[in-house]
Each structure stands twice: as structure tokens, then as C-alpha cells.
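> The sequence isn't on hand, but the structure is:
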């Protein structure tokens, strides 16, 4: 069994941002030399997400509007967590979007359907945060 | 380490449908010959889900009503994604239900609690779509 | 390839409760002797969750309030599932929070960011329920 580990770093200019990290993950797979196995990719922070969906700007705007409806940022005082912080909504948004993905690796490639793309979902940005990539297999 | 891969295909008659795929997954495990390991099962389309819950028709009706409350299909114009499509709600519903499950395999069986059943959740059906099963182990 | 399996048991005094199980998972990793691999931890019941977030009481109160807004417990009659039961809301709450986590193991440790903690989320408690820990690796 082989294993591989990498950290990806992000520092978004906006509080919320969705970044397509599919090419980064492809590079990790190449670098690992693993051709059959499972890949885990997870946010290492609890106000961010890694998820799979469509790379379509209209949909990304829909996500922003939808998450603001389900777990609004403001007023900050609506959340008990916001005593010394202002990011309770980011904890909830990340819960909806998910912490992690697990992806099959087959013949040295991500085993993906036609439109699957991997995103880093930042919900409390403007600071350095990281994502873990771990692969096990052969 | 052994690895196994299979695609399961679906073509639902309704836009939204929940299908119990537990027997299909059991067959995959048998076919793989893997007795200790991890199984990944994921939708290969971004408007569908694989999830674990109860096989109870009342609950499935509750899921339908609840998802329509959280991310209504209509009016289509409420979503920016629906310029050339009408399935933005399906992207959101699948986000709530999740893309994938990871299941332990122990002594050649799914390592499940008493009521766990695996479902394919279709939210934009009436066309051919597929699910990936990948197993690694020994 | 090594594999390891353990059940953790819970019996909460309240209907809903969040329990930090990070130390239990650390013990499992130590006991397994696995230093590189993947760990799966999942609720074995469909009205409970395993998830990763912050160990901050204010946030836990926010989760309780938020989940009650998204999928209220009462009135019980709003859910078709509640013919002979009263826990439809617990099935929905667990769906929002997620069934399982997959965690990387690196150098014999959980490969975690600074604030990641693992929780058992009980949404229909006051009875014995269990969580599965499965590790594969080397």
C-alpha cells in the first residue's frame, strides 16, 4: 500500500468564495503515482468546505443566495457563537456544503462523471486556510 | 490490496425518485471478493445523490416535501443557473442529501446498523445516469 | 494492509445531544497500530450523525436552534413518517449533519486542522445506540 499527503493553501480576498481545485487534485494524483485507490480531500478548517458540483457561475450565485437564506451571516447577534467572533454562519454553511469528499482513483485518474468538479468553499476567508489531500492505494 | 469498480445505471420515470440500491451494493461486495476494506458509492452526476437512511415510504414522502421547502423546483426563474436549464433545484437538493457514502466492509459484509439502507436519490431524472461503486481492501 | 474495527456505544439522557468523541477516536488509532491510512467513523443509526466542527457551547446551541428551524420536531403530525413513531425530524436533522466522516491518518495521528473535533450528534436519544470506527492502512 502506498500513501500520499499534501496541503493546499488558500487566502481569499472575499469572505465567501468558491474555487475550482480540480487541477490541483489531478496534480496530486500524478505526483502520488497511485493508480488504484481512494482519495480524501477535506477542509482543515471548520468554516470551509470541499464539495463536488458544477463549474457554472449562475449556480455559484444560486449557492450564495441559498446559503444566505438557510444560514444568514447577519445580524451577527442572532448566533450565540458570535460573542467574540462573527463567523457562526460560516460553521453552518460549511455543514450544508460538507467538510470532505472521497474520490475513486482508477487507472491513475479521478473516476468522475461528465460534470463533476471539485471546489474549495470558503465561508470565512481573508486569511490563510488549508485543505488536506490524502491518497491511499497502489 | 485488491480493488473493484462497477457502474450502476438508472433511468427513472419521474423527475424525483428514491431507489433502494442496497442489494446491488451487496452483489458488488460478493463479486469483489473483498472481505475487509472500504466501499465508496457516489453519484456520478451532480443532480443526484447516494445516501443512507430508512426504507420507509412515509419518510420518503417527508424527504420530498422537505427538500421542496428547502430548495423548491419552481418558479424556475428564481435561480440564475436556469438560463438554459431547469434543474438548479436538483443541484441544491443533492447538496443537502450528499454525493456519496463510505461503508466499512467486515467479514465480507457491509458493516451496518439495524436500519441502514442505501439509496440512489434522483432529483433530475427521466434520463440515463450512473453511480460508481469502488472498493479497496483485501 | 491492516484493518481495525470498533463500536462505540451511547445512551444520552436527552433527546438531542452533541458529544465530543475525539479522544475515543484517538484511542482507536493507537489501538489499531495503523500509522498511514484512512479512518471511517459513522453512526450506525439513521437518526444520529458523526460530524466534525468546533467544540464551542455557543455554537452547539446555534446548531440546536438552526436544526429546529430547518426540520422542527413538532408538531409530530407534520410528518408522514410519524404514524407509529415521533422521530421523523431526527432523520432530517441527521441528513443535514451527515452520517459519517473520513479522516486521514498520518504518522499515527489524526491529520487535523487546528480546531477540528469529532462529534456524535444524537437526535433521537434516551436509548442505546452505536457508532462504527473502521480503519484501513499500514
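Looks like it arrived, so ask away. From a predicted model like this one, the values you see are computed outputs, not experimental measurements. Residues are numbered from 1 along each chain as shown, chains lettered A, B, ... in the order given.

> Wait, residue A:104 touches residue B:40, no?
Yes - counting by C-beta atoms under 8 Å, residue A:104 touches residue B:40, with 5.6 Å between them. To be clear about C-beta, it is placed using only N, CA and C from the backbone, and glycine gets the same treatment.

> Spit out the residues that contact these two alike.
A:38, B:132, B:134 (C-beta atoms under 8 Å, 6 or more residues apart in numbering or on different chains).

> among the residues you listed, which are in helices?
Among the shared contacts of residue A:104 and residue B:40, no residue falls in helices (DSSP state H).

> For chain A, which segments count as helices?
Going by DSSP H, chain A shows helices at A:22-32, A:57-70, A:88-97.

> Can you report how many residues lie near residue A:46?
Applying other C-beta atoms under 10 Å in any protein chain shown, we find 26 residues neighbouring residue A:46.

> dump the residue contacts of it.
A:91, A:94, A:99, C:52-54, C:113, C:115-116.

> Would you report the backbone torsion angles of it?
In terms of degrees, to the nearest 10, the main-chain angles of residue A:46 are phi -90, psi 10.

> For chain A, what lies in contact range of chain C?
A:1, A:3, A:5, A:38, A:40, A:42-46, A:70-71, A:79-83, A:88, A:91-92, A:94-96, A:98-100, A:102, A:130, A:132, A:134, A:136 (C-beta under 8 Å from any C-beta of the partner chain).

> Quick check: nearest residue in space to the residue of chain A found nearest chain B, chain neighbours excluded?
The minimum distance from chain A to chain B, using C-beta to the nearest C-beta, falls at residue A:113 (2.9 Å). Once flanking residues are discounted, residue A:113 sits nearest to residue B:44: 2.9 Å by C-beta to C-beta, 6 or more residues apart in numbering or on different chains.

> Please report the distance of that neighbour from residue C:8.
Relative to residue C:8, residue B:44 is positioned 33 Å away (C-beta to C-beta, to the nearest Å).

> Look at residue A:46 and report its pLDDT.
For residue A:46, the model assigns a pLDDT of 98.

> Tell me the spacing between it and residue C:22.
For residue A:46, the distance to residue C:22 - C-beta to C-beta - is 13 Å.

> try residue A:29
30 Å.

> Please list the residues outside stretch A:3-18 that contact it.
A:19, A:21, A:24, A:28, A:31-34, A:44, A:60, A:63-64, A:73, A:93, A:119-136, C:36-37, C:104, C:106, C:111, C:137-138.

> And it, how far out from the chain middle?
8 Å (C-alpha atoms, centre = their mean, to the nearest Å).

> Equivalent analysis for stretch A:47-62, please.
9 Å.

> buried residues in it?
Using 16 or more other C-beta atoms under 10 Å in any protein chain shown as the test for burial, stretch A:47-62 gives A:47-54, A:56, A:58-60, A:62.

> and what of stretch A:60-74?
For stretch A:60-74, using 16+ other C-beta under 10 Å, the buried residues are A:60, A:62-63, A:66-67, A:70-71, A:73.

> Over to stretch A:18-31?
Under 16+ other C-beta under 10 Å, the buried positions of stretch A:18-31 are A:18, A:21, A:24-25, A:28-29.

> Quick check: the two most widely separated of those?
Maximum pairwise distance among the buried residues of stretch A:18-31 (C-beta to C-beta): 21.7 Å, between A:18 and A:29.

> What's opposite the residue nearest the centre of chain A in the beta bridge?
With distances taken as C-alpha atoms, centre = their mean, residue A:50 lies nearest the centre of chain A, 1.8 Å away. Assessed by DSSP bridges, residue A:50 has beta-bridge partners residue A:120.

> residues contacting it?
A:21, A:41-43, A:98-101, A:118-121, A:131.

> what do you get for residue A:100?
Contacts of residue A:100 (C-beta under 8 Å, 6+ apart): A:40-43, A:50, C:101-102.
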